[in-house]
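**Q** What shape does this take:
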Amino acid sequence: MTQRCAEIVKTTAGIAGVRDQMDDLLVVIVNWNTSDLLRGCLASLAVATEGLRVRTVVVDNASTDGSPEMVETDFPWVELIRNSTNVGYARANNQALRRYPAQAKYSLLLNPDTEVPPGTLQAMAGFMESHPEAGIGGCRVVKPDGRLDWACKRGRLTPSMLFYKALHLDTLLPHSRRFGAYNLSYLDENQVHEVGTVVGAFMMIRRECLEDVGLLDESYFMYGEDADLCYRVNDLGWKVFYAPVGNIVHYKGQSTGKRSYLMIRHWYSAAWKLYQRRTAPKYPSFVNALVWGGFWTMCLGSFAANFFRATKRVPGRR
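**A** Numbering: from 1, shown residues only. You can find the predicted model right below:
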């Protein structure tokens, strides 16, 4: 841990009496039209938070599927913030984080399309307590079929990493340290590792780290803001850990699949913005120009693949 981070932790350790009065965890869930999934997520939290002092906040981005009413009726212990428009993921999370800037030892950003088994929150909080150099921690995230959601542990973007991914070398040679750097697929998914980024579907952030680095960058509407925060945390000397001491289930893409083309565009725009801000300054212009071309070529390829998938789903189409 750097001297800067060590000083922050040492200072806060001197006010243990104040810390003992804090909540253990502030859970922030941003929702947009995922009523059924949000219900499952909150039901799992009702059990998973036992033994912890937890404040749970749902920020609803103008859902039209009855999500806010469901939260008010079925989960009265949850605090609800209702937005009149969809303000995006980063800004909505920041609304809750600003409302309770020093309420809890840790803040947890959690997707509504997740379920949290008993023991995961306690295990992750324990991991963070035993690793004071950890600014951000992410648990093992699995899809409903039990396969790992690779986004829960990734490396930091580089031109070579993106080139290998474009050629699918990361898929062909996943155990190679060179070619598997994007998803860190060469690392044992059952072991703790320091990583470049963890996914915003489950991101536990130390209060002192958040005070040091600042909130999510609201110029990202959707996607990229979680990786951007991890980069900034690393740049200030804190560490980002993938810690499979617990796991969650991620029903991935349920809230974004309704507008697939727009979401594809959002993803590539956010990825390019992240590259421009956090990686491009380290490389010459001609390299960044090649990366730009590669990004948007892959974007067009994703549009085409999505079109053909949609065509196959049309009833009666041969």
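
**Q** can you map out the helices along the stretch 201-318 of the chain?
**A** For the stretch 201-318 of the chain, the helices defined by DSSP state H, counting those that start in this stretch occupy 207-213, 225-235, 260-278, 285-313.

**Q** now the ones you listed in JSON lines, with mean pLDDT, mean neighbour count and distance to residue 162?
**A** Yep, even glycine has a C-beta here, placed from its N, CA and C like the rest. Shown next, in JSON lines, are the helices of the stretch 201-318 of the chain (pLDDT from 0 to 100; neighbours: other Cβ atoms under 10 Å; distance: least, Cβ to Cβ, whole Å):
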{"stretch": "helix 207-213", "mean pLDDT": "96", "mean neighbour count": "20", "distance to residue 162": "25"}
{"stretch": "helix 225-235", "mean pLDDT": "97", "mean neighbour count": "22", "distance to residue 162": "13"}
{"stretch": "helix 260-278", "mean pLDDT": "87", "mean neighbour count": "17", "distance to residue 162": "8"}
{"stretch": "helix 285-313", "mean pLDDT": "81", "mean neighbour count": "12", "distance to residue 162": "6"}
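
**Q** Tabulate these (CSV), appending distance to residue 74.
**A** Below are the helices of the stretch 201-318 of the chain laid out as CSV (distance: least, Cβ to Cβ, whole Å):
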stretch, distance to residue 74
helix 207-213, 30
helix 225-235, 28
helix 260-278, 28
helix 285-313, 33
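
**Q** which residues are in contact with stretch 270-290?
**A** The contact list for stretch 270-290 (Cβ atoms under 8 Å, 6 or more residues apart in numbering) reads 156-159, 162, 219-225, 227-228, 231, 291-292, 295-296.

**Q** can you do 7 Å?
**A** Contacts of stretch 270-290 with the rest of the structure, by Cβ atoms under 7 Å, 6 or more residues apart in numbering, involve 157-159, 220, 222-224, 227-228, 231, 291, 295.

**Q** tell me which residues of stretch 158-173 are tucked away?
**A** Using 16 or more other Cβ atoms under 10 Å as the test for burial, stretch 158-173 gives 158-159, 161-162, 164-165, 169-170.

**Q** which helices and strands sit right next to the helix or strand where residue 165 lies?
**A** Applying DSSP states H and E as the criterion places residue 165 in helix 159-166. Applying 3 or more Cβ pairs under 7 Å, 6 or more residues apart in numbering; DSSP states H and E, one finds that helix 159-166 contacts helix 285-313.

**Q** Now do the helix it packs on against helix 159-166, angle only.
**A** Per axes from the mean of the first three to the mean of the last three Cα atoms, to 10 degrees, the angle that helix 285-313 makes with helix 159-166 is 20 degrees.

**Q** Centre of the chain to helix 285-313, how far?
**A** Computed by Cα atoms, centre = their mean, to the nearest Å, the chain-centroid distance of helix 285-313 equals 23 Å.

**Q** what's the angle from that helix to helix 260-278?
**A** Using the same axes, to 10 degrees: helix 285-313 against helix 260-278 is 160 degrees.

**Q** what bits of the chain have low per-residue confidence?
**A** 1-21, 253-259, 309-318 (pLDDT under 70).

**Q** For the longest strand anywhere in it, which strands pair with it and how are they oriented?
**A** If you go by DSSP state E, the chain has its longest strand at strand 239-250. Using DSSP bridges, the strands paired with strand 239-250 in its sheet are strand 114-115 (antiparallel), strand 134-142 (parallel), strand 193-194 (antiparallel).

**Q** what does the first one contact?
**A** Residues lying outside strand 114-115 but in contact with it, judged by Cβ under 7 Å, 6+ apart, are 40-41, 44, 201-202, 248-250.

**Q** and those as JSON lines, adding distance to residue 78 and neighbour count?
**A** Converted to JSON lines, the contacts of strand 114-115 look like this (distance: Cβ to Cβ, whole Å; neighbours: other Cβ atoms under 10 Å):
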{"residue": "40", "distance to residue 78": "14", "neighbour count": "17"}
{"residue": "41", "distance to residue 78": "10", "neighbour count": "26"}
{"residue": "44", "distance to residue 78": "13", "neighbour count": "18"}
{"residue": "201", "distance to residue 78": "18", "neighbour count": "22"}
{"residue": "202", "distance to residue 78": "18", "neighbour count": "26"}
{"residue": "248", "distance to residue 78": "18", "neighbour count": "25"}
{"residue": "249", "distance to residue 78": "20", "neighbour count": "20"}
{"residue": "250", "distance to residue 78": "20", "neighbour count": "21"}
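
**Q** Quick check: the two most widely separated of these?
**A** For these, the maximum inter-member distance is 15.0 Å, found between 40 and 202 (Cβ to Cβ).

**Q** Pull the contacting residues for residue 95.
**A** Taking Cβ under 7 Å, 6+ apart as the criterion, residue 95 is in contact with 59, 81.

**Q** what's the following helix or strand after the helix or strand where residue 94 lies?
**A** Using DSSP H and E, residue 94 maps to helix 89-99. Using DSSP H and E, the next helix or strand after helix 89-99 towards the C-terminus is strand 104-110.
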